[in-house]
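1. any chance you can model this:
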Amino acid sequence: MSQHTVILLLGSNLGDTKKNIETAIYRFNQEVGKITNFSEFLITEPVEFVSSNIFCNIALVIRTHFSPIQLLKHIKRIENEMGRKHDSSTLGLYTDRVIDIDIVKFDNLKFVSEKLEIPHQKHLFEREFSKIILKDFI
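-> Okay, the predicted model is just below:
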């Protein structure tokens, strides 16, 4: 089974945001793949929506044998089980969230489907906080 190198961006702006991210990291280590590197936590204002809740973010590099679609299914399950109620791709807008996990890069793959675009263009080229947190991984 081949191993893939994946860069993920995690964020939370509800509840104990750092603990939410630490829980997601633990779940990734147990269920998805080995974390090989991670950034420092970064505290940021919400982007593309208004909220008084501040985000805590982190970037992870993982090794996994899952395909992009399999990985997305695991991500959505973890988000749901951790209490994420709304998905921005379904709603068409951003809202506060317990956990948000985005696939930024997956090997050197270029992949586009209705639910997933790799590489994640907004994180790589548009969002300043993403550029800061991903600088050591891209």
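2. after the helix or strand bottoming out on mean pLDDT in the chain comes which helix or strand?
-> Lowest on mean pLDDT, DSSP states H and E among the helices and strands of the chain sits helix 88-91, with a mean of 57. Per DSSP states H and E, the first helix or strand lying C-terminal to helix 88-91 is strand 100-106.
3. and that next one, how far out from the chain's middle?
-> 4 Å (C-alpha atoms, centre = their mean, to the nearest Å).
4. after that strand, which helix or strand is next?
-> The first helix or strand that comes after strand 100-106 along the chain, using DSSP H and E, is strand 111-112.
5. average pLDDT for that following strand, rounded please.
-> For strand 111-112, mean pLDDT rounds to 90.
6. list the pairing partners of the helix or strand immediately after that strand in the chain within its sheet, with orientation.
-> Following strand 111-112 in sequence order, the next helix or strand is strand 117-118 (DSSP H and E). If you go by DSSP bridges, strand 117-118 pairs up with strand 111-112 (antiparallel).
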